[in-house]
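Colleague: What shape does this take:
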Amino acid sequence: MSTNEKIFYACGIVLALSALVVSFAGLKMKGFPGKALPVVILWFVVLVVTATTFATRYSGEEHEEKAAEYAEFNEKIEKGETSGPYENEGGALGGETEENEEQAEKEAEGSVEGDEPVGPTEGSQEGKGAQTPEPRGAEDEKKKGDEGSGGNAEASATTLKLAADPAALAFDKDSLDAKAGKVTIDFENPSAIPHNVVIEEDGKELAGFEPISESEESETADLEAGTYTFYCSVPGHREAGMEGTLTVE
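Modeller: Numbers count the residues shown, from 1 in each chain. Predicted coordinates for the structure are as follows:
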C-alpha cells in the first residue's frame, strides 16, 4: 500500500469519526457548537481537502501502474515472450520453427537430395511407372471437378462478425450461430489491448490467430455440426469473460 493510499484512507476514517462525534455532541449538548463553530468548520474543510488531494494522487498512481502493465505486456507480445499456443519463436501458427519451414518448402519443391517428390503423382494414380508431380493447384481443380460431376452439394460457407469491447475485457457477442462447413470469423479489435479469437471443442483448439490490437483479422475453419467455444487466449482475458458459444447446425 502506497503512502498516498494510506493517507487517503486515514483521512476518510478520521472524517467519518469526526462526523459521528459532532452529530453525537449536537444531540447531547445544547448550544453546540456555539463559539467553536469556526473551528469545527475549519477541521472538516482541512479533512475534506486533504482526503481529496491524496485521493487524486492515489488515482494517478493506479493509472500509471496500469499503463506500465499494459506497456510491458505489449512489449512482451511484440518480442514473442508471452505464453499461448499461437505465440512462438518461429512465428508460425502451430509451433513450426524457421528451420522446419525451410525444410518443408524444400520437400514440397522436390529439391531435397535423394527424396522423392512430395504429393500425389500422375504415375502413382494411374498405375504407370512415371513419377510426374501434379501441377500446383491441380488437386484443388480435381476436387472441384469431382464435386460437379458427382452431384455433391458444395459445403455451405458462413461469415460471422465479432468485435472486442474497446472499454472492457469482453466480446460484443457471447454466442454465434453458423451452418456446417466453412465458418469464417471476421474479428475487429479497436482497443490498444491485444486480443484474439480461438475456436475450441471439448478442450481441443481447432483454429486461432495471434493477438492483434487496433486492427482486424479473420479465421476460417471447417466445422461439423456441434457446439464449440470461442475465446481470447491472452492470459487472464478468458477468465475475465472473453468467451462465448459457437453453435454449428
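
Colleague: Would you map out the domains in this structure?
Modeller: Per automatic domain parsing, the structural domains of the chain span 3-79, 156-248.

Colleague: Give me the distance between the two termini of the last one.
Modeller: Using C-alpha to C-alpha, to the nearest Å, the end-to-end distance of domain 156-248 comes out at 11 Å.

Colleague: cool, the first one as well?
Modeller: The separation between the terminal residues of domain 3-79, taken as C-alpha to C-alpha, is 35 Å.

Colleague: now it: mean pLDDT?
Modeller: Mean pLDDT, computed over domain 3-79, is 81.

Colleague: Strands along the chain, start to end?
Modeller: For the chain, strands defined by DSSP state E occupy the ranges 156-163, 175-178, 181-189, 198-201, 204-208, 215-223, 226-231, 243-248.

Colleague: Count residues in the vicinity of residue 228, would you?
Modeller: 21 (other C-beta atoms under 10 Å). The C-beta positions use only the backbone N, C-alpha and C, and glycine is treated the same way.

Colleague: Pull the contacting residues for it.
Modeller: Applying C-beta atoms under 8 Å, 6 or more residues apart in numbering to residue 228 gives the contacts 199-201, 206, 245-248.

Colleague: Would you format the strands of the chain as JSON lines with mean pLDDT included?
Modeller: Output for the strands of the chain, formatted as JSON lines (pLDDT from 0 to 100):
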{"stretch": "strand 156-163", "mean pLDDT": "92"}
{"stretch": "strand 175-178", "mean pLDDT": "94"}
{"stretch": "strand 181-189", "mean pLDDT": "95"}
{"stretch": "strand 198-201", "mean pLDDT": "94"}
{"stretch": "strand 204-208", "mean pLDDT": "92"}
{"stretch": "strand 215-223", "mean pLDDT": "93"}
{"stretch": "strand 226-231", "mean pLDDT": "95"}
{"stretch": "strand 243-248", "mean pLDDT": "95"}
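
Colleague: and the longest helix belonging to the chain, what other elements does it pack with?
Modeller: The single longest helix within the chain, with elements called by DSSP state H, is helix 37-79. Secondary-structure packing of helix 37-79 (3 or more C-beta pairs under 8 Å, 6 or more residues apart in numbering; DSSP states H and E): helix 3-28.
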